[in-house]
Structure formats: C-alpha cells, structure tokens
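Participant: Starting from these lines, generate the structure:
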Amino acid sequence: MKYITSGLLAGLALTSGLMATAPQTAQAATKRTAYVRVQNRTGRNMKFVSVSHKYSNNYQEARTWLNLPHRYSTRKSDSLAVNYNTGAFTTGKDWWAASWVNSQNQFCQTSPNNFRKQIDALEQFTIRNWSTINKATQTVADFAAEQASKSGPKTAVIAQVASKAVPGAMRLIRSTINTTSTVGYKQHILRSSDANRTMTIQLLPHGQARITSRSGVSNTIYKCKNLPQKGRKGSQKRVNYRFEIKTSDRAGAGTDSNIYLTLDGTKGRIGPFKANSKISGNAFERNDREGFTLRNQKNIGRIKRIQVYSDGRWAGSNWHLSYIKVNGQTARFNRWLDKGSMSRNF
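Facilitator: This is a model prediction of the structure:
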C-alpha cells in the first residue's frame with residue numbers, strides 16, 4: 001500500500017458550517033464515529049478529491065485531500081471523521097458522495113445508477129462554475145507542488161496549504177453537494193461494528209467505485225466530464241520561441257532579401273513572419289549567427305517543421321543557410337536558397 005506523504009497531500013477539514021448535531025430523542029441511540037480514507041485506483045492522478053457524508057439530517061461532514069496520485073491512498077492520520085447513530089430506535093441512514101478533478105482536467109463525481117439527471121447537470125455546472133473550479137484546483141495544485149519541493153515542518157506545510165485552499169475548495173464543495181438532500185448519494189449504512197474503525201472509498205477504473213467498511217461492501221459508479229477548454233480567459237497557455245539562425249561561412253553566403261519563417265507544431269502553426277524585422281542591423285551576413293525571441297505566442301505543441309521563404313528581391317542575392325535552431329532544436333539546411341522556399345523537419 002502506498003501512502004502520499006504530508007506536503008504533497010493535505011487533508012482539509014471542511015466541516016465548518018456543514019455539521020449540525022440534532023438532539024437525540026431515543027434513549028437507545030448511541031453516537032458513534034468512523035474514519036474514512038480514499039484509495040485512488042482510477043489510473044489517473046487527482047488534483048484533489050472530496051468526500052461528503054450525511055447521516056440523515058443529524059450529521060454532515062466533508063473533507064478534501066490534495067494531489068492524490070494513482071495507486072496512492074490518503075494517510076490514516078488525515079482521515080475524515082464521520083458521525084452516525086446506532087441503536088434499536090434509530091432510523092437514520094448513511095449517504096456518501098465523492099468528487100474530484102483528475103490530471104486530464106476532468107471533473108468526476110460518484111452517483112448511483114438510477115440518478116442520471118445529476119450526471120447530465122454536471123456538464124452545465126462545470127461551465128457555469130469554471131472560474132471557481134480552476135482556481136480551487138490550479139492554485140492549490142501549484143502551491144502544493146511548490147511546498148513539496150521545500151523542506152520544513154510538516155505541520156507548517158499543511159497549514160500553509162490549507163490557508164490557501166479552503167476558500168476555493170469550500171465554494172466548490174458547497175456548489176457540488178446539496179446539503180439538504182441525499183439525491184445522487186450512495187447509501188452505505190454503518191453499524192456498531194464500524195465504530196472507531198477505518199473504512200475505505202476506492203475509486204476504481206472504468207467508472208466504478210466501492211465503499212468498504214467492516215460491516216459490508218457497497219458498489220456504485222462515477223461519471224467524468226471534460227472541463228471546458230475554450231471560451232474562458234487564460235484558457236490557452238502562451239509560450240516563447242527562441243530562434244537562432246546561422247548563415248554559412250562561404251563566399252557570397254549572405255543575402256539582402258527578406259526572409260520569412262513558418263513554424264509548424266503538433267497543435268498549430270506560427271507564421272509566416274518576417275525574420276529580418278526581428279534582427280537589428282544587417283541581417284544574414286556571411287558567417288553571422290543571429291538570434292531573437294517570439295514572446296507570448298500560442299502553444300503549437302511539439303515543434304515538427306520549419307519553412308523558410310526568400311522574396312529574392314535583389315538579383316543574385318542567394319542565401320546559403322547553415323541551420324536554424326528553435327528552443328534548442330536544430331533543423332540543418334546547408335544549402336542555397338534563391339527566390340522561393342525550402343523546409344526541414346526537426
């Protein structure tokens with residue numbers, strides 16, 4: 001069994017404002033406590049995972065854990081404590097729900113087979129509440145990763161993560177969990193034999209989930225929806241592209257023509273753009289090595305090919321190009337270019 005270490009994972013007790021204890025009316029009712037851990041077996045890392053428990057209207061608890069990799073479990077010391085009653089005259093039942101965002105930017109939520117409406121509403125929820133979800137996941141994940149690279153007291157790391165994560169995570173949980181209804185929750189009743197023991201919520205591949213306690217096992221399903229990738233501010237990461245262009249060291253290698261470049265990647269294209277305008281002074285002279293950076297460009301993915309075009313504006317202005325580097329990747333030409341174009345793969 002693998003357990004995520006403190007600093008990579010912080011359990012955030014989000015029960016403030018969610019727990020309400022009703023007076024016990026039956027003399028035989030006994031209040032008990034069990035402890036919940038989560039196992040990630042989905043095949044994907046989780047940015048965060050939240051679990052909510054309701055015992056009828058008596059008790060409501062929720063907790064969020066950050067950065068839970070595949071094949072890892074939350075630590076026993078970071079368990080969610082849940083309350084419930086047992087006894088001859090108790091009528092309450094235990095209800096459970098889990099939600100998370102995975103490394104593929106999918107929002108997932110458990111739901112029984114017979115509650116399709118909630119799953120259909122999930123897509124609309126993610127669109128309406130994208131800014132909250134994105135802030136709760138991205139800020140927290142970045143901060144947790146930063147803290148994981150630093151040394152220091154474990155309790156300090158947890159406290160700092162919690163202070164940044166609680167506002168966004170609380171809004172997210174309150175938006176996704178209906179605090180007055182068990183619609184969409186899975187029933188798994190805790191017994192007296194579960195008291196003071198650890199139970200497990202396993203999130204499995206292929207949309208399956210399993211709740212296991214000493215008293216029994218319950219199975220349910222989950223559905224995932226892709227979070228919206230378009231139509232929101234800042235959705236596309238901007239990147240820089242550093243160019244280095246080398247003119248060959250041979251007679252007549254330089255040119256006064258205008259040189260245009262087009263860069264192709266797995267996710268798009270940049271250009272054509274005029275390279276001369278990016279270089280100060282006389283560009284593309286014999287044996288010169290010129291460099292410039294295109295800043296804040298769209299991310300075109302893995303760079304595949306570069307195309308070079310010369311307008312041949314001056315007679316006899318052939319150019320002998322040695323190579324072009326883009327972000328450290330080299331495309332070698334070692335040939336003459338008159339008016340027209342040529343291309344090379346990286």
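
Participant: which strands and helices sit next to whichever strand or helix holds residue 201?
Facilitator: Per DSSP states H and E: residue 201 is located in strand 198-203. Helices and strands touching strand 198-203, by 3 or more Cβ pairs under 8 Å, 6 or more residues apart in numbering; DSSP states H and E, are strand 30-40, strand 94-102, strand 208-213. Every residue, glycine included, has its C-beta placed from N, CA and C.

Participant: how about a cut-off of 6 Å?
Facilitator: Helices and strands touching strand 198-203, by 3 or more Cβ pairs under 6 Å, 6 or more residues apart in numbering; DSSP states H and E, are strand 30-40, strand 208-213.

Participant: Reformat the ones you listed into JSON lines and put distance to residue 193, mean pLDDT and mean neighbour count next to each item.
Facilitator: Output for those, formatted as JSON lines (distance: least, Cβ to Cβ, whole Å; pLDDT from 0 to 100; neighbours: other Cβ atoms under 10 Å):
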{"stretch": "strand 30-40", "distance to residue 193": "10", "mean pLDDT": "97", "mean neighbour count": "19"}
{"stretch": "strand 208-213", "distance to residue 193": "8", "mean pLDDT": "96", "mean neighbour count": "18"}
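
Participant: which stretch among those strands comes nearest residue 287?
Facilitator: Evaluated with Cβ to Cβ, these place strand 30-40 nearest to residue 287, the distance being 56.9 Å.

Participant: can you map out the helices along this structure?
Facilitator: 116-128, 130-134, 140-148, 154-176 (DSSP state H).

Participant: Quick one, grab the pLDDT at the spatially closest residue to residue 32 that is not a sequence neighbour.
Facilitator: Nearest residue to residue 32, sequence neighbours excluded (Cβ to Cβ, 6 or more residues apart in numbering): residue 195, at 4.0 Å. Per-residue confidence (pLDDT) for residue 195: 97.

Participant: and if you look at the one 10 residues further on?
Facilitator: pLDDT for residue 205: 93.

Participant: Pretty sure it sits against residue 40.
Facilitator: No. Using Cβ atoms under 6 Å, residue 205 is not in contact with residue 40, being 10.6 Å away.

Participant: that older thread, between the helices and strands packed on strand 198-203, which gets nearest to residue 255?
Facilitator: Across the helices and strands packed on strand 198-203, closest to residue 255 is strand 30-40 (Cβ to Cβ), at 58.2 Å.

Participant: And for the closest one, what's in contact with it?
Facilitator: By Cβ atoms under 6 Å, 6 or more residues apart in numbering, the surrounding residues in contact with strand 30-40 are 46, 49, 51, 68, 70, 72-74, 79-87, 190, 194-195, 198-203.

Participant: can we see that at 8 Å?
Facilitator: 24, 46, 49, 51, 53, 63, 65, 68-76, 79-87, 98, 190, 192, 194-203, 213 (Cβ atoms under 8 Å, 6 or more residues apart in numbering).

Participant: So which residues of the stretch 151-300 of the chain form strands?
Facilitator: With strands called from DSSP state E, counting those that start in this stretch, the stretch 151-300 of the chain shows them at 186-187, 198-203, 208-213, 216-226, 238-247, 259-265, 268-274, 289-298.

Participant: Throw those into JSON lines and include distance to residue 104, thanks.
Facilitator: Shown next, in JSON lines, are these (distance: least, Cβ to Cβ, whole Å):
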{"stretch": "strand 186-187", "distance to residue 104": "24"}
{"stretch": "strand 198-203", "distance to residue 104": "14"}
{"stretch": "strand 208-213", "distance to residue 104": "18"}
{"stretch": "strand 216-226", "distance to residue 104": "8"}
{"stretch": "strand 238-247", "distance to residue 104": "21"}
{"stretch": "strand 259-265", "distance to residue 104": "21"}
{"stretch": "strand 268-274", "distance to residue 104": "20"}
{"stretch": "strand 289-298", "distance to residue 104": "21"}
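
Participant: Looking at those strands, spot the one closest to residue 93.
Facilitator: For residue 93, the closest of the strands of the stretch 151-300 of the chain is strand 186-187, at 5.8 Å, according to Cβ to Cβ.

Participant: counting contacts, what elements does that closest one pack onto?
Facilitator: Strand 186-187 sits against strand 94-102, strand 216-226, with contacts defined as 3+ Cβ pairs under 8 Å, 6+ apart.

Participant: can you do 7 Å?
Facilitator: Applying 3 or more Cβ pairs under 7 Å, 6 or more residues apart in numbering; DSSP states H and E, we find strand 186-187 packed against strand 94-102.

Participant: Alright, calling it a day.
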